[in-house]
Structure formats: C-alpha cells, structure tokens
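In: I would like to see how this sequence folds:
(chains A and B)
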Amino acid sequence: MTGRRRAALTLAAAATLVALAARAATADIPDFTPDQMGGTLRRCISAEPQNLNPITGKDLYERYVNEYVFERLLQYNNDTGELEGVLAKSWEISEDGKTITYHLRPEACFADGHPVTSEDVVFSFNIVMNAEIDARSMASYLSKCESCTAVDPHTVRFVWKEKYFNVAGASGNIFSVLPKHLYAKNVDVNPEKAEEAGITHYNDLVQGIVGTGPYVFEYWKTGEEISLVRNPKYWGKPRAFDRITFRIITDEQASVQAFLSGDIDYLAVTPEWYLKLKDHDGRGKDKDFEIYRYSSPANGFSFIGWNNASYETVVEADGKTTRIEHRHPIFSDPRVRRAMTHLVDRKSLLKYLYHDIGDIANGPFWSESPQSDPSVKPLPYDRREAMRLLAEAGWKDRDNDGWIENASGKPLAFEWTIPSGHQQSMDLARIIKEEFRRNGIDVKPRFLDWPVFITKLDNRDFDAIILAWGGSGALEHDPYQIWHSDAIADQGHNFITFRNAQADRLIIEARTELDLARRTKLFREFHRLVHRLQPYTFFIDRQSLRLISTRMQNVTVGKLGIDTQQWWIPRQLRRGKGGAAP
Amino acid sequence: MRTYILKRLLLMVPTLLGITLLTYAIVRLAPGDPVEALIRSQAGDINPQVFAREADRIRERLGLKDYNFWGQDPDHIDLPEKVLNAFYGYGRWVWHMAHGDFGESMQYRTTDGSKDPARLYLERAHVTITLNAIAEVLIFLIAIPVGLAAARYRGRLFDRFSTIMLLGFWSVPHVLAGTLLLNYLARGGIGLEWFPYAGLHSLEAQDLTWLKSFGDVFWHATLPVMCLVYGGLAYLAKLGRASLLESIRADYVRTARAKGLPESRVVYHHALRNSLLPMITTMVMMLPALLGGSVVVERIFSIPGMGQLVVGAAMQRDLAVIMFGTLVFGTLTLVSLLVGDLLYAWADPRIRYD
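Out: Alright, predicted model coming up:
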C-alpha cells in the first residue's frame, strides 16, 4: 500500500517533519483458526497524529494507524515486493502504457456494509484532486493523470498523460478508497458556509472516517491512546487481533520502559537502544522479546550533497542576449567530488558513529533493488587517490602552507550547511571537518534551523549539505524527481543541480520502458553514471530496528519489512483488553 | 489601594502588548519560512505553481501574508519591508484578538477538528493545572517544616545536610531528574518499579470507582510531581530558613522569650507567622516558573498538557498557537506578580503602594 512512492525530504531528528513513504504492504494473510483469533496488538507512537483522515493526514503516525482501516486498489506484497490487487481483483494496462483499467472485487464493502463501486473510487480520486481539499501533496503524485472514470459499477479506468512504467503503482497505490454515500456532502459543502449548513467540511473531518479495511476506528483520547477494533463486516480474510491500540508516549526512554514492562508489543528503536538490548533486557534478566534488524526499501539513505551547478542560462531581454553562468567554483568538477568521497572514511564512520547499523550507501537505489548495479562498489577511503584527483583538477598545495589552493591561489575552502538538532549529522560534520583540515581543505560547518535550511535548498544557496532521503517503500524507484534536470528549476528536488544529458536520457528512457529486463538495464547504466560523477557522497543505507514481544506468533521479515497483520497471540498469553491475563 | 490595583491592571495592557509584539516579531522575522517548510516536508513533489498557490492560501489564512507596501520586486522583499509586514501582521492579530478571534493553528487540531488555539489550550489546560496545583501545595507543605527545622537547628547536622541537599536539588535540571526518576522508579526501568512511566491516569480509569481513580491519578502523578517539586522546594525552603532566622533574631521574639513564653510558642506563634508571609508571596510569584518546568516534565512523562503544545508549536513556528500561549502565560505571570505584590502589602502594613 505504498502511498507516496517517491522519495520525500526527511530529517530523522524532527519526527513531525518526516514524510516517509507510506509503505504498508501486506503480506499473505494466513487463515487464522478461531483459536488464534483474539487479543490486542498494543503499539506505541511517539507523537500525536495531526488527524486521522487518510486523505488530508500528512504525518507518519496517521499512516501507522490508518494502514489497518483503509485500503487502496493495489498494494505491494510484503514478501515478494510485487504489486497485487486489494480492492481491485485484476487490472490491465494498454499497449501504449497510458491506460490502466481496474476490475473491482464485487465482494468488497465498506465497514457500514455498502459495497465498493467504481463511483467510490472516482469520488476518492476527485477528493484528492479537489483544490479545496487539503491534500496538495497527495494530488501532486497524480498530476500526470489525465482522467479517472467509472466504466461500469465495477470497472474504473485511469488515463495517464504519458507512457509510464509504473502506471499501476502511481494510480492504484496512492489514495485510499472512501465511501461516496457518506462523504459526498462533506466535500460538496462550501467551506465558508459549512457551519451554517451544519455540515462538517471534509478538511475538518479528523477521526472516525469509514474505510474498507479489517479494522474500524474506536476512540482517540488526546495525548493518550488511539484504539481500533475489528471490523465485523470486513469483506476479506479476517485478521487475528480483536483490537489494535496505539499508546502515545513522547519520551523515548519511557517508550522502551513501556515495552520492557510488557505494556506494548512492538517498538521501533534507535541504534543506541539496539546495542543495549541486544543480549539481555537491559536489566540483566533474560529477555522475553526478539530484536529484528533488517533493511528494506523504506529505510532510505543519508548523503552529503555537493553543489554540482555547472551550466549556463540564456536570458533574452530588450533585444540583448545575456548568458548567466551557474558554476560552483569547487564542486562543479566531478574529479573534486570523487576526491571528496575518497576522503570520507565511511567504513569507520559507520562503525563508530552508527555502531555498524546500516550499510555504506552506494547509489541512488536501494542496494537490494534490481535497479542497483551489483558491479558498482563504493569508492574506498583513499587519501592518495583523493590528492591525485584534486591535483588533476588543479587543486594542490602550491605554497607549502599546508592548505590546498588552485592556480589563482584561491584556497580550497567551503561552507557546509547542516540542519541543526540532529546529533548524528552534527557529529559527522565535526569529524569530517577535522579529516578535511588534515588534508589541507578548510570546511566551515554551519548549523541551521530546518525552515532556514529548506530556504537554502530552494535557493540552491550552499556548497555542501547533509541530508537523508526517505525510502520509496517499493522495490523499484523512479529517479526522475531527484536526478532529472527538469527538477532543478522551480525549487524541485534536484537541489544539488545535477545536470547531465546522458542521465536525463537514461531516466526518461527507463521510466517509459514497460519491459522489466530492458528497464533494469537502463537503470543500472544510470547507476553506473551516477557513481562515476559522484554528485552526492552517498553515505549510509539505514536499517530498521524493531523490538517484538515473543508472545507474537508468525513474525516474519519479508522483502519489504515486517507486517503486523500476519501475527497472532496464543490465548493464554493475551494481555490488555479482551485478553486472559491482566 | 484601589487606585493602585487599577493602575497596575491598566499597566498590564501595554506590558502584554510589548510581550506579544516581541514574540510576534521574533517568530515572523526569524529567517526561513515555516509555511514553506511545512508544505515541503510533507510533499513528495509539488508542482511549483501549485506549491506557490498553496503556500499563499495558507499564509492568507494564517495572516502571514507579505504585502508589497513599497512596490518592490516581490521576490526580494527586504528587511524594512519585512519589519513593516510584521507590524502590520501584529496589528491584525491584535485587532482580531480584541474581537475574540485568535487565528488558527497551522497543524494542531482538537479532537473534534477545531483549529482554534484557545480551544487547543483549553483541551489540555486541566492536566497542566492539576499537575501544577498538586506541586504548588506540596512545595509549600514540605518547604515550611524543612525551612523551620533548618532555622531552629541552625549549624547543626540537619541544617548542614538539608543545605547540601537543597543546593543539589536547585542545581539539577528537570531533564536529568525526569530521566533518572523514570529509569530508577518507573516500571520497565532498572530500579524499583513502583510507578507508571507515562500518562496521568490508567487507560482503564473510566472503569474504576471514584476513590480508586483518585488514587490512580495520584499514583501516576507521583513522578512528574516529584520532578516539578524539587526545584521550587529548594528555593522556598532556603527562603523559609532565612526569613525565619531573621524573625527569630527580631526584637519582638526576644521580648516574647523574655516574658517567659515556652520556646515552641515563641517559634510557632510569633516567629513563624511573620516569616510565612514572604513565603506565600514567593509561592505566588513562583507559579510562572513552575509552568515553565511543566513544559519539560510533560514531555518526559508523556502528559498531554499545555507544555507539550507550546513546545510543539515553537518548533514548527505555529504562530497562532505560540501567540495564544504567550498571551496566557504572559497574563498569568503579570497577574501572579500583582497578587504577590498585593500579598506583600497585606502581610506587611509598612508597605504601602499609594
């Protein structure tokens, strides 16, 4: 159920700013026996969601909760990573790759018993596209969609403006399907007049929205707990748990204590906690939980971005032609960028700063994705090679003062812009600054608040940055948003201004190629090109760390991570509401 | 006296305006654009025109729109223009506030969907008030005997011991104390697992009897209240000791002793009464500081109070919520200062404000 497939800016430190892909792929649901069904899955979230509306909700917490309540046409299978039908029974894509037709499951129904029809799908699509509705970012994923029409009660057709390899994921896996008969009035009402009419405008619906999923909303106690309860009218295979609760615990230490005292069953932790709890429960007792550590396409990677700018724009005004040169004095040269990567000792940094949790990142794709070329190996830490590359690019210590200069005597010095508040990035900057100084390069780290940092990105006003991309959640990822030169203008995501004609061609060819083998070849070629040019120094592929109580049965790690909907608890081990033990 | 109170109350208005203007200006003029950061960190890729329109729509709604007063290049509004915009925006905020409209939050909503900052605070107020009321009472109840004993047995073991302890308390920041308490006294920690780690009542509280649920709140509030109490306690106990020592050395106490009253009557009846008064006034004035500590404590113990709201809003630069918070906390501070001053006058007839 990956919603926002495309990468989004993330900063791990400021949880409320994180916009990770809503990967909630479901694995094959086992046929639970009546004896296995029951009990409560107790989870924990570190902040309150802004709302629980699947279309206007924007934070991670909303998605954690709503993955149990709403369904889309398609979702990614957690074990295989392939798209499969949820509300759609089947779908076909036209020869030209622009039209996709979905056939809905006739048995699918909403929690109130109404069957799901193509009208509901079109209605949901129209909510997202409605300019009055607070869902502009979700709408942006559908901006290349020309139309969405109901062919008959159980057939929906999407037409894309251009040929696109992932038209299924882009149309069927973006938005949840909502019942038209319940919410049409909330969408249609004029927001100014909603109050008089006594109708809540759709933007102001914050909880209790009806979906088609295996659970329905029960209650939300501000700052305390959100609870979901089994949907008695669920059309699909029932899940094992009767209830799913989300405790809101704002302090990390407290959430771990909640887990250790057995009050929650499932918790994501930081590497520090992982190390502490790896062997015993942190209190010298045997642990009654398992720690899972895995990498998945949802994790994303961190990187050092260099300002690649190296192009001209031509402005014609008053009959005069002016050429404006955009060229970064240092990092426009790929040799310098390669040298920088050679100077960053990623292996040691990974070990000492990240406790070896993660892998050295190696390119724009997740390392286990078919798109990633296995022949590409990370550039090693190599000072001599770095100095050679720098000298080749004209940077060397010409006056023997220990600092590197270019031919005109300008020292190799730059400013490094880093979002403040994220301890690891700040430590990283300090260590690398020291390493660079020893090699005659003068780095000035500059720590900026997130809003200021964003403004710097938008204006492309930086020499180098540290940042992370959230993962796409799917095995295949479209590099267009980040790497194509179209994304340089208008504050697009190519903020490092990477402009390369060959890269542009490869990206376009690959994303319009419907054949997987041929597409993979093109993506791999693009990967090799990026590796050669080193527009980023790719840093760490992050990993997921999860604590899971041993009371949970059938816990498996699929290609895309963990899916709680496969789990069940033996009767004698149930706790909380509806359980045997207190 | 009445004119004095009236004067002080009237003075509060410009003071509050000053406080809010300063806060408003800081939030508005700080570099970076919160609206843009909000949209950008949520969006994958928004088409730039849609982005600009959306940002404009939000700014308009939140009263954050920049106006081009001097007709300059709209992409490069300079600092004087920004200052002008901030003043204009502030004026608008005051005008709307005077009409009971406090604007709307950029991201927070009450459980029934309202974005009104007043309702957001109201929803959380009872929690913060409960916590701080318990803390205030406890500080007072503990600080008096401790200060009294330290003064009576000045220089003896208890006095020295309590001085060191109180100094220690005074120096420990809330964050450290909270984490230590959590780790050593709460369930799932490494010490005595006596208290809960989060929240202000059990989730099953509605099923409990009245008495049990009362006990439940106390059980939950223990650690957070301990965390709130120790700082104020240190301050007030030291103050109590000093003021009692002062009274014990006063002439009227010597007189009392001279006329043969028993020591306990001298201390409790004559000295204590007089030294209590500065403690009461200090207590009142301590209230704003206590609320400040509540901000940290609420986060550590996952208590959904006003403190959490204030921190969250400050991080996102959610202007309407910050401004309403400033207004509430500002008013509270000014009122407690006034009440403190009045109590002084009431306690000590030598002080006159007229």
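
In: how about the stretch 151-300 of chain A: which residue is closest to chain B?
Out: A:Gly223 (2.0 Å; C-beta to the nearest C-beta). Every C-beta, even on glycine, is put in place using the N, C-alpha and C of the backbone.

In: how many residues are close by the residue nearest to that residue when sequence neighbours are not counted?
Out: What sits nearest to A:Gly223 in space, not counting adjacent residues and going by C-beta to C-beta, 6 or more residues apart in numbering or on different chains, is B:Pro304, at 2.0 Å. Residues lying near B:Pro304 (other C-beta atoms under 10 Å in any protein chain shown) number 21.

In: check the secondary structure at B:Pro304 for me.
Out: coil (DSSP: H, G, I helix; E, B strand; the rest coil).

In: re earlier: any idea how far the residue of the stretch 151-300 of chain A closest to chain B is from B:Thr128?
Out: 11 Å (C-beta to C-beta, to the nearest Å).

In: contacting residues around the residue nearest the centre of chain B?
Out: The residue lying closest to the centre of chain B (C-alpha atoms, centre = their mean) is B:Leu291, at 1.9 Å. Contacts for B:Leu291 (C-beta atoms under 8 Å, 6 or more residues apart in numbering or on different chains) come out as B:128, B:132, B:306-307, B:329, B:332.

In: after the helix or strand where it lies comes which helix or strand?
Out: Under the criterion of DSSP states H and E, B:Leu291 resides in helix B:272-300. Remark: after helix B:272-300, the chain's next helix or strand is helix B:306-316, criterion DSSP H and E.

In: what's the overlap in contacts for A:Gly223 and B:Thr128?
Out: B:Gly305.

In: now do the SS call for A:Thr245.
Out: strand.

In: isn't it right up against A:Val229?
Out: No - using C-beta atoms under 8 Å, A:Thr245 is not in contact with A:Val229, being 9.5 Å away.

In: of those two, which one has the most company?
Out: Between A:Thr245 and A:Val229, A:Thr245 has the larger neighbour count (other C-beta under 10 Å), namely 22 against 18.

In: what's the more buried one in contact with, if anything?
Out: A:40-43, A:225-228, A:576-577.

In: hey, which helix is longest across the chain?
Out: Just so you know, I chose chain A. helix A:516-533 (DSSP state H).

In: oops, wrong one, chain B.
Out: Max-length helix for chain B by DSSP H is helix B:210-248.

In: chain A contacts on the stretch 251-354 of chain B?
Out: B:299-305, B:308, B:312, B:315-317 (C-beta under 8 Å from any C-beta of the partner chain).

In: give me the buried entries from these.
Out: The neighbour-count test (16 or more other C-beta atoms under 10 Å in any protein chain shown) marks B:299-305, B:308, B:312, B:316-317 as buried among these.

In: coming back round to it: of the contacts of A:Thr245, grab the buried ones for ChimeraX.
Out: What follows is the ChimeraX syntax selecting those of the contacts of A:Thr245 that are buried according to 16+ other C-beta under 10 Å:
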select /A:40,41,42,43,225,226,227,228,576
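
In: just the contacts of A:Thr245 that are near chain B?
Out: A:Glu225.

In: does A:Ile569 touch A:Gln553 like I think?
Out: Yes - using C-beta under 8 Å, A:Ile569 makes contact with A:Gln553 at a distance of 6.7 Å.

In: the two - which one has more neighbours?
Out: A:Ile569 (25 against 14).

In: what about A:Leu545, which SS state?
Out: Once three-state DSSP is applied, A:Leu545 turns out strand.

In: please list all residues in contact with the nearest residue to it once chain neighbours are set aside.
Out: Among residues not flanking A:Leu545 along the chain, A:Tyr274 sits closest, at 4.6 Å (C-beta to C-beta, 6+ apart). Applying C-beta under 8 Å, 6+ apart, we find A:Tyr274 in contact with A:291, A:293, A:355, A:357, A:545.

In: any chance of a markdown table for these, columns neighbour count?
Out: As requested, these are arranged in a markdown table below (neighbours: other C-beta atoms under 10 Å in any protein chain shown):
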| residue | neighbour count |
| --- | --- |
| A:Ile291 | 15 |
| A:Arg293 | 14 |
| A:His355 | 13 |
| A:Ile357 | 19 |
| A:Leu545 | 21 |
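
In: and the residues you listed, which two are furthest apart?
Out: With distances taken as C-beta to C-beta, the most widely separated pair in the contacts of A:Tyr274 is A:Ile291 and A:His355, at 13.2 Å.

In: hmm, the residue of the stretch 151-300 of chain A closest to chain B is touching B:Leu120, no?
Out: No - with contacts counted by C-beta under 8 Å, A:Gly223 stays clear of B:Leu120, the gap being 11.7 Å.

In: higher neighbour count, the two?
Out: Set side by side, A:Gly223 and B:Leu120 show more neighbours around B:Leu120, with 26 against 22, by other C-beta under 10 Å.

In: immediately after the helix or strand encompassing that one, which helix or strand?
Out: Per DSSP H and E, B:Leu120 falls inside helix B:117-152. Moving toward the C-terminus from helix B:117-152, the next helix or strand (DSSP H and E) is helix B:157-171.

In: show me which positions of whichever helix or strand comes after that following helix end up buried.
Out: Toward the C-terminus, helix B:157-171 is succeeded by helix B:174-185 as the next helix or strand (DSSP H and E). Going by neighbour count (16+ other C-beta under 10 Å), the buried part of helix B:174-185 is B:174, B:177-179, B:181-183, B:185.

In: reformat those as a markdown table; add pLDDT.
Out: Below are the buried residues of helix B:174-185 laid out as a markdown table (pLDDT from 0 to 100):
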| residue | pLDDT |
| --- | --- |
| B:His174 | 87 |
| B:Ala177 | 91 |
| B:Gly178 | 91 |
| B:Thr179 | 90 |
| B:Leu181 | 91 |
| B:Leu182 | 89 |
| B:Asn183 | 88 |
| B:Leu185 | 89 |
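
In: in the chain, which helix or strand is least confident?
Out: I went with chain A, as the question did not name one. strand A:9-10 (a mean of 40; mean pLDDT, DSSP states H and E).

In: ah, I was thinking of chain B
Out: In chain B, compared on mean pLDDT, DSSP H and E, the secondary structure element with the least confidence is helix B:34-42, at a mean of 69.

In: which residues does residue 270 contact?
Out: This is for chain A. A:252, A:545.

In: my question was about chain B, not that one.
Out: Going by C-beta under 8 Å, 6+ apart, the list of residues near B:His270 reads B:247, B:252-253, B:256, B:261.

In: likewise for B:Ser275?
Out: B:Ser275 touches B:240, B:243-244, B:246-247, counting by C-beta under 8 Å, 6+ apart.

In: just the buried ones from the residues you listed?
Out: B:240, B:243-244, B:247.

In: number of nearby residues for the residue in the stretch 351-500 of chain A that chain B sits nearest to?
Out: Going by C-beta to the nearest C-beta, chain B is nearest to A:Pro451 of the stretch 351-500 of chain A, at 2.9 Å. Residues lying near A:Pro451 (other C-beta under 10 Å) number 22.

In: with adjacent residues omitted, what lies nearest to the residue of chain A most remote from its centre?
Out: Ranking residues of chain A by C-alpha distance from their mean position (C-alpha atoms, centre = their mean) puts A:Asp399 at the top, at 47.8 Å. For A:Asp399, ignoring the flanking residues on the chain, the nearest one in space by C-beta to C-beta, 6+ apart is A:Glu405 at 6.9 Å.
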